[in-house]
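1. I would like the atomic coordinates for the input below:
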Amino acid sequence: MSKLRISGPCRLSGELQVHGAKNSALPILAASLLCKAPCRLTNCPHLSDVDTAVSILRELGCQASFSQGVVEVDPTAADTCTIPDALMREMRSSIIFLGAIIGRMGEAMMSFPGGCELGPRPIDLHLQALRRLGAQIREDHGRLSCTAPGGLHGAEITLAFPSVGATENVLIAASTAQGTTILENAAREPEIEDLAGFLNACGARVAGAGGSTVRIDGVPSLGGCSYRVIPDRIAGATYLAAAAATGSRLTLRGVIPRHLSPVLLVFEEAGCVFRTAGDTLEIQPPPRLNRVHSVRTMPYPGFPTDAQAPVMAMETLARGTSIFVENIFEERYKHVGELLRMGAHIRVDGRVAVVEGVRQLFGAPVEAADLRGGAALVVAGLAAQGQTVVTGVHHIDRGYERIEQALSALGAQVERLPDSEG
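-> Model (predicted):
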């Protein structure tokens, strides 16, 4: 275990290459299990969740290696339908392997997934959708036993909520099912489009991804391909929040600006100015940030729940009062108590957080309780006066590639230390 020591306030400058999207890489790695030939995934971020996904593929019988942003997967010898409990507990996204394993093996056995504790996140939508595709699923004391005696088949499926994970499981499982699947109320996130792009590059027939209705015409099998993961829009938003909180001009490279547009609208309301050119995005914040009237997390193309915590951290220093409404997860304000330790003024009432901006934050020992909350504490620490020590860094490592090295290269004073050191 390790922790981050941040000496602030910091001023950032320079350029940052945004790493590949965690939320694209994980479902694409799961989908590679369906392929009958090797796959090569580039721009893959080196994150602990990606390491877990690679370990799962190996447990299933695939050959998989990860080096310098490239994951090589040879799934041709895959012969196992069970994921060990320890790997399932390491990340929530492990459930995305369910559709792939059933599609490949005709059966699957696994425990319920782990990951950040953000309140109830039932997998009912995943299971209901896979049952519509012909899977028989038995739940028994936290374990799932799944079979498809007659193979998977196409179906008409309407999701009660545009769940990203359920949409991904349907796209993967239906790709090699018999017949046509029509998915209504599908999630529209860029990562869904990226998964469909990978599947189609392997020979699938997925149309409409990125819209509410997706059509998947099943094919007998998928081949392999080489595919580049899109940049991580949440990592990009987090580094923009760090720049805004510290009053720093910063350039992001390797981004897709339109993927960030729901977030950029909030930054612009706070007084930030952007310049874009191709895959680069430069932020110029004002001397002091303005309040934002209302940030409401919503499914894409709304404001992403994953960006709520870092943006809240920057708004603790804004002029005036900002309102945040969390509509996706019930327990996504765990970072608030830690921000209060640093001098922030925040009141929480259910799903609503009222942030009264202060002139200065102060360094303090704080603990990351989840991935994005941990990133928020880093943002606050960069702007705070004095030393901030962030523990629970293993959460941050799930979604940010060597965050201390990225920030140090921009001029911040950030060190990773063993827990035994002060």
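
2. Helices of the stretch 301-422 of the chain, start to end?
-> Taking DSSP state H, counting those that start in this stretch to define them, one finds helices in the stretch 301-422 of the chain at 308-315, 334-341, 371-383, 393-396, 403-408.

3. Which phi and psi values does the residue lying closest to residue 217 once chain neighbours are set aside adopt?
-> In space, and not counting its chain neighbours, residue 217 is closest to residue 205: 4.0 Å by CB to CB, 6 or more residues apart in numbering. To be clear about C-beta, it is placed using only N, CA and C from the backbone, and glycine gets the same treatment. When read as degrees, to the nearest 10, the backbone of residue 205 gives phi -130, psi 80.

4. Can you give me the distance of residue 205 to residue 170?
-> As for residue 205, its distance to residue 170 is 14 Å (criterion: CB to CB, to the nearest Å).

5. Between the two, which has more neighbouring residues?
-> residue 170 (28 against 14; other CB atoms under 10 Å).

6. which residues does the more buried one contact?
-> With contacts defined as CB atoms under 8 Å, 6 or more residues apart in numbering, residue 170 is in contact with 99, 129, 130, 133, 157, 181, 183, 186, 214, 216.

7. Find me the pLDDT at it, would you?
-> In this model, residue 170 is scored at 98, pLDDT.

8. secondary structure class for it?
-> Assigned with DSSP: H, G, I helix; E, B strand; the rest coil, residue 170 falls in the helix class.

9. count of neighbours near residue 23?
-> 26.

10. quick one: residue 54 and residue 67 touch, right?
-> No. Between residue 54 and residue 67 there is no contact under CB atoms under 8 Å: 10.9 Å.

11. More neighbours: which of the two?
-> Of the pair residue 54 and residue 67, residue 54 is the one with more neighbours under other CB under 10 Å, namely 20 against 9.

12. Quick one: the strands in the stretch 101-250 of the chain, in order.
-> 107-111, 136-140, 143-147, 156-158, 180-184, 205-207, 214-217, 226-228, 250-253 (DSSP state E, counting those that start in this stretch).

13. so for the next helix or strand after the last one, what's the average pLDDT?
-> If I follow you right, that is strand 250-253. As assigned by DSSP states H and E, the chain's next helix or strand after strand 250-253 is helix 261-269. Per-residue pLDDT over helix 261-269 has a mean of 98.

14. what does stretch 83-97 give?
-> Rounded mean pLDDT across stretch 83-97 is 87.

15. Over to stretch 149-167?
-> Stretch 149-167 shows a mean pLDDT of 96.

16. Can you find the helix or strand of this protein with the lowest average pLDDT?
-> Every helix and strand in the chain was compared by mean pLDDT, DSSP states H and E; the lowest is helix 85-90, with a mean of 87.
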